[in-house]
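In: turn this into a model:
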Amino acid sequence: MKLGLQLGYWQRNADDATETVLTAERLGYDSIWTAEAYGSDVFTPLAWYGARTSRIKLGTSIAQMSARPPVTTAMTAMTLDHLTGGRLLLGIGASGPQVVEGWYGQPFAKPLTRTREYVDIMRQVWRREEPVTSDGAHYPLPLPDGLGKPLKLITHPLRPDIPLYLGAEGPKNVALAAELGQGWLPLFAFPSKIEEMYGEALSGAAPGFDVAAMVMVMISDDVQAALDGVKMMLTLYIGGMGARHRNFHADIIGRMGFAEAAERIQALYLAGKKDEAFRAIPDELADGISLVGPPGRIKERLELWRQSPVTSLLVMGPRDEKSLTIIRDLVLN
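Out: Numbering: from 1, shown residues only. Sure, this is the predicted structure:
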């Protein structure tokens, strides 16, 4: 199992994690990952960290498709991959209606079809076999009835096939990741239920396909306090990160077997009862998607992850060297 560090996106203030990244590289972590929502972007921090490191892989989880046309993401990825000596892992995703429509002012329509077109165009850009064209409905190239002509990337990419990961939660999107990509980035993974939920979707994956699961890790002798930290994150995602009638995060929690709880949590959160929403999250759910407690407990629960389809753990939470060292020893030794 490979080990990565998920840095996420900046919260209220700028978050230069250079020292944490240097520590992770020194300790033998395989990768670091950044994210974006509607604050800090996903690529600039990676360029910053890439200039200060030499080995660790640099992942986006995720670059939102609606933030950039596919050729822009392809150019950015190619440039960063060149500058860092071929260390980029490009994770992309459709995001959700709230962000796509509310922040980018674009319709959230047919995410599977859009993703397929997006990936095809990026790979045309990187391979430079012909000028880039697309007759898809979402990203037609060149623009029909205009003055444009098909163009080919000026710069020769360092790698004609940059490793591509898809952020996906629904079974159809996961199946698309298995078909098109080199990896899948699940936000919430309940290791003992992945096979039941996604086994069929993952059946088409090529050998070496990377299931890179993001998992909150909290090293603490107070297990309940650590679980409460996980619940705070779940309260926001289940309750508020999505529209009332279309919340992909609440849907996935439902498919894990907590549909009734997810519905209650969202209803309480949207009614302004955030404390009650927090208390409505089952301990079993918080514990199932995280690794919390003293090192011995985490070591024991790691076996569930080793027995699952997960091949990379992307750790969320710890930033100090002591915690990163403990996690490294538990996962890699």
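In: quick one: the top strand by length along the chain to chain centroid distance?
Out: Ranked by residue count under DSSP state E, the longest strand found in the chain is strand 210-219. On the basis of CA atoms, centre = their mean, to the nearest Å, strand 210-219 is displaced by 10 Å from the centre of the chain it belongs to.
In: before we move on, what about stretch 283-299?
Out: Centre-to-centre, stretch 283-299 and its host chain are 21 Å apart (CA atoms, centre = their mean).
In: cool, stretch 309-328 as well?
Out: Centroid separation for stretch 309-328 versus its chain: 16 Å, with CA atoms, centre = their mean.
In: strands of the stretch 101-250 of the chain, start to end?
Out: In the stretch 101-250 of the chain, the strands defined using DSSP state E, counting those that start in this stretch lie at 164-167, 183-185, 210-219.
In: and stretch 128-140, end to end?
Out: One end of stretch 128-140 to the other measures 18 Å (CA to CA, to the nearest Å).
In: picking up where we left off before, tell me the most buried of the strands of the stretch 101-250 of the chain?
Out: Highest mean neighbour count among the strands of the stretch 101-250 of the chain (mean count of other CB atoms under 10 Å): strand 183-185, with a mean of 27. For the C-beta atoms, the positions are set from N, CA and C on the backbone; glycine is no exception.
In: show residues contacting that one.
Out: Contacts to strand 183-185, defined as CB atoms under 8 Å, 6 or more residues apart in numbering, come from residues 61-62, 89, 91, 93, 163-168, 174, 177-178, 202, 209-214, 312, 314.
In: so what's the model's average confidence on that strand?
Out: Mean pLDDT, strand 183-185: 98.
In: in stretch 150-162, what's buried?
Out: Neighbour counts using 16 or more other CB atoms under 10 Å place L153, P157, L158, I162 of stretch 150-162 among the buried residues.
In: swap in stretch 187-205?
Out: For stretch 187-205, using 16+ other CB under 10 Å, the buried residues are L187, F188, A189, F190, P191, I194, M197, Y198, A201, L202, A205.
In: tell me which residue lies nearest the centroid of the protein.
Out: Compute the mean C-alpha point of the chain, and by CA atoms, centre = their mean the closest residue is S61, 3.5 Å away.
In: now the host helix or strand of D287: mean pLDDT?
Out: Element membership for D287, per DSSP states H and E: helix 283-288. Across helix 283-288, the average pLDDT comes to 96.
In: what's the next secondary structure element after it?
Out: Heading C-terminal from helix 283-288, the first helix or strand you meet, by DSSP H and E, is strand 290-293.
In: let's verify I92: helix, strand, or coil?
Out: Recorded secondary structure, I92: strand (DSSP: H, G, I helix; E, B strand; the rest coil).
In: nearest residue to it in space, please, no chain neighbours.
Out: Leaving out its chain neighbours, the residue that sits closest to I92 by CB to CB, 6 or more residues apart in numbering is A63, at 5.0 Å.
In: quick one: contacts for that neighbour?
Out: A63 makes contact with E36, V42, F43, T73, L90, G91, I92, G93 under the criterion CB under 8 Å, 6+ apart.
In: now do the helices in the stretch 151-300 of the chain.
Out: In the stretch 151-300 of the chain, the helices defined using DSSP state H, counting those that start in this stretch lie at 171-180, 194-202, 223-240, 248-253, 259-270, 274-279, 283-288, 295-306.
In: quick one, which of those is nearest to A17?
Out: helix 223-240 (18.4 Å; CB to CB).
In: buried sites along that closest one?
Out: Of all the residues in helix 223-240, those buried under the rule 16+ other CB under 10 Å are 226-231, 233-235, 237-240.
In: report the distance from the helix or strand bottoming out on mean pLDDT in the chain to the chain centre.
Out: In the chain, no helix or strand scores lower on mean pLDDT, DSSP states H and E than helix 248-253, which sits at a mean of 85. Its chain's C-alpha centre and that of helix 248-253 lie 15 Å apart, by CA atoms, centre = their mean.
In: just checking, what packs against that helix?
Out: Secondary-structure packing of helix 248-253 (3 or more CB pairs under 8 Å, 6 or more residues apart in numbering; DSSP states H and E): helix 223-240, helix 259-270.
In: residue ranges in the stretch 51-200 of the chain under the pLDDT threshold?
Out: By pLDDT under 70, the stretch 51-200 of the chain contains no weakly predicted segment.
In: and with 90 instead?
Out: Where the stretch 51-200 of the chain drops to pLDDT under 90, the residues are 96-98, 109, 169-170, 187.
In: helices along the stretch 1-150 of the chain, start to end?
Out: Going by DSSP H, counting those that start in this stretch, the stretch 1-150 of the chain shows helices at 18-27, 43-50, 70-83, 97-102, 111-127.
In: what is the longest one packed up against?
Out: For helix 111-127, the helices and strands in contact under the criterion 3+ CB pairs under 8 Å, 6+ apart are helix 70-83, strand 88-93, strand 164-167, helix 171-180.
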